[in-house]
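[1] Here's a sequence, model it:
(one chain, ligands or ions: 1)
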Amino acid sequence: MQTEQTTGSELLLRDTIVKVNLSDIAENMRLIREMCGEDVAVMPVIKANGYGHGAVGIAPTLIESGAAYLAVATLTEALELRQAYPDYPLFILGHTPARLSDIVVENRITQTIVSLSQAQALSEAAQKAGTVAKIHLKVDTGFHRLGIYDEEEFWQICQLPGLEVEGIFSHLALVNDEEDELQYRRLTDMIARLEARGLSFRYKHIADSISLVDYPQYRLNMVRPGALIYGLRGFHKGYLPVRQCISFESRISQIHDIRAGEGVGYDYLWRAPKDTRIGTLPFGYSDGYPRNMRDKGYVTIHGVKCPILGVICMDQCMVDLTDVPQAQEGDLAIVYGNGENNTMSIQEACELAGTNKNEIVARILARPPRVYVK
Ligand SMILES: *Cc1c(COP(=O)(O)O)cnc(C)c1O
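    Predicted structure coming up:
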């Protein structure tokens with residue numbers, strides 16, 4: 001059965017869309033849960049609009065698949081999810097400024113705590129609201145992005161009224177086995193020192209996508225997969241047959257036959273060496289397609305690779321239709337597919353654009369409508 005829905009309207013308002021296969025997301029979640037076992041809670045990371053897949057759109061699938069929490073990076077992302085899912089546990093991985101503590105409390109969002117001053121602000125907000133705010137302590141084990149490594153400061157945070165210290169966690173820099181192990185030891189040492197003083201933590205976590213596959217011994221009792229949920233594989237030692245869930249599709253808006261010597265696009269940066277049939281596609285860099293794909297990128301039309309010609313515009317680009325004489329206006333063009341049938345996979349896209357897979361999908365942020373299929 002194919003169910004399609006768009007954000008905002010029943011009618012598909014654009015020819016450029018991001019298609020997300022929810023069954024693949026469910027299957028990836030199942031594989032992760034099976035691999036980690038029942039004692040490990042899975043907190044899928046759906047920041048950056050669910051790595052471009054649409055956070056609100058994929059959340060029900062993750063909830064049905066047994067997500068313990070939904071994690072995002074920022075308060076704005078958490079609030080969008082809170083509107084759609086009034087009761088589900090939500091987690092903010094990043095820092096939220098003290099001035100916004102009331103909003104965190106009102107919306108019952110579990111907040112990462114990186115310092116005593118941040119915890120004090122949240123404690124005051126919770127007391128004012130007559131409630132208890134859940135927090136996870138962020139231990140800086142070497143990454144030096146967020147968190148502290150100070151037993152006394154953690155201890156003081158844990159004494160504050162109005163806070164439930166539900167978890168403690170850190171994040172790996174993924175440098176090499178030794179450095180990663182050192183980080184893990186620093187986390188577990190800090191946990192042991194705090195537990196020796198009578199504290200206890202329901203959730204302890206350090207593993208993201210790569211480390212949950214490559215380092216089974218670091219899963220503790222919670223893991224935080226992002227990329228893996230979307231079938232983007234980054235692991236080296238272990239293996240999990242997760243599947244890419246996204247395809248980025250467009251349709252030909254117009255076809256032009258141009259003469260040898262004529263130029264295409266800004267600055268005529270591509271000039272036809274011979275008479276050429278070209279197609280215009282309604283997507284550009286503001287749809288998250290890397291502008292530096294010029295001279296490297298292609299789309300796939302009727303199974304044929306059609307190179308991008310000239311500069312990629314903000315909302316459009318032009319491709320060479322020489323090898324697909326049957327192409328018509330309105331025909332489908334696959335921008336990113338699963339790599340089969342001559343389509344460009346996310347892996348190939350990141351290599352061509354000189355970035356990583358997460359950036360390729362995350363930058364397809366807002367504009368193209370998401371279409372969900374099962
Ligand atoms: C983004 C993020 C994750 C997920 O990372 P992946 O590499 O995509 O699995 C996990 N933990 C934290 C703290 C993050 O910021």
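
[2] State which one residue of the protein is found closest to the ligand.
    Proximity to the ligand, evaluated over the chain using CB to the nearest ligand atom, is greatest for Gly226 at 2.5 Å. Bear in mind the C-beta positions are built from the backbone N, C-alpha and C, glycine included.

[3] Quick check, that residue in contact with Gly50.
    No - counting by CB atoms under 8 Å, Gly226 does not reach Gly50; the two are 9.2 Å apart.

[4] hang on, the earlier thing: for the closest residue to the residue of the chain closest to the ligand other than its chain neighbours, what are phi and psi?
    Excluding the flanking residues, the one nearest Gly226 by CB to CB, 6 or more residues apart in numbering is Val45, at 3.6 Å. Backbone geometry at Val45, expressed as degrees, to the nearest 10, gives phi -100, psi 120.

[5] Distance of Val45 relative to Glu152?
    Separation of Val45 from Glu152 (CB to CB, to the nearest Å) stands at 31 Å.

[6] Looking at Gly226 and Gly50, which is more packed in?
    Neighbours per residue (other CB atoms under 10 Å) separate Gly226 from Gly50, with Gly50 holding more: 30 against 24.

[7] My reading is that the more buried one lies in a strand. Confirm?
    No - Gly50: not assigned to a strand; according to DSSP: H, G, I helix; E, B strand; the rest coil it is helix.

[8] Please read off the pLDDT at it from the model.
    As predicted, Gly50 sits at a pLDDT of 94.

[9] give the contact list for it.
    Contact analysis of Gly50 by CB atoms under 8 Å, 6 or more residues apart in numbering lists Gly57, Ile58, Ala59, Tyr230.

[10] that older thread, which residues does the residue nearest to Gly226 bridge with?
    Ala71 (DSSP bridges).

[11] Could you measure from it over to Gly66?
    15 Å.

[12] Name the residue in the two with the higher neighbour count.
    More crowded of Val45 and Gly66, by other CB under 10 Å: Val45, with 23 against 15.

[13] which residues are in contact with stretch 76-86?
    46-49, 55-56, 59, 63, 70, 72, 88, 90-92, 103, 107-109.

[14] Inside helices: which ones of the residues you listed?
    Of the contacts of stretch 76-86, the ones assigned to helices by DSSP state H are Lys47, Ala48, Asn49, Ala55, Val56, Ala59, Ile63, Ile103.

[15] Could you identify the most distant pair in those?
    Using CB to CB, the pair of those lying farthest apart is Ile63 and Ile103, separated by 22.9 Å.

[16] check contacts around the closest residue to Gly94 other than its chain neighbours.
    Nearest residue to Gly94, sequence neighbours excluded (CB to CB, 6+ apart): Ala73, at 4.5 Å. Ala73 is in contact with Lys47, Ala48, Ile92, Leu93, Gly94, counting by CB under 8 Å, 6+ apart.

[17] Met314 now?
    Met314 neighbours (CB under 8 Å, 6+ apart): Gly284, Tyr285, Ser286.

[18] Go again with 6 Å.
    Gly284, Ser286 (CB atoms under 6 Å, 6 or more residues apart in numbering).

[19] so what's it scoring on pLDDT?
    For Met314, pLDDT reads 95.
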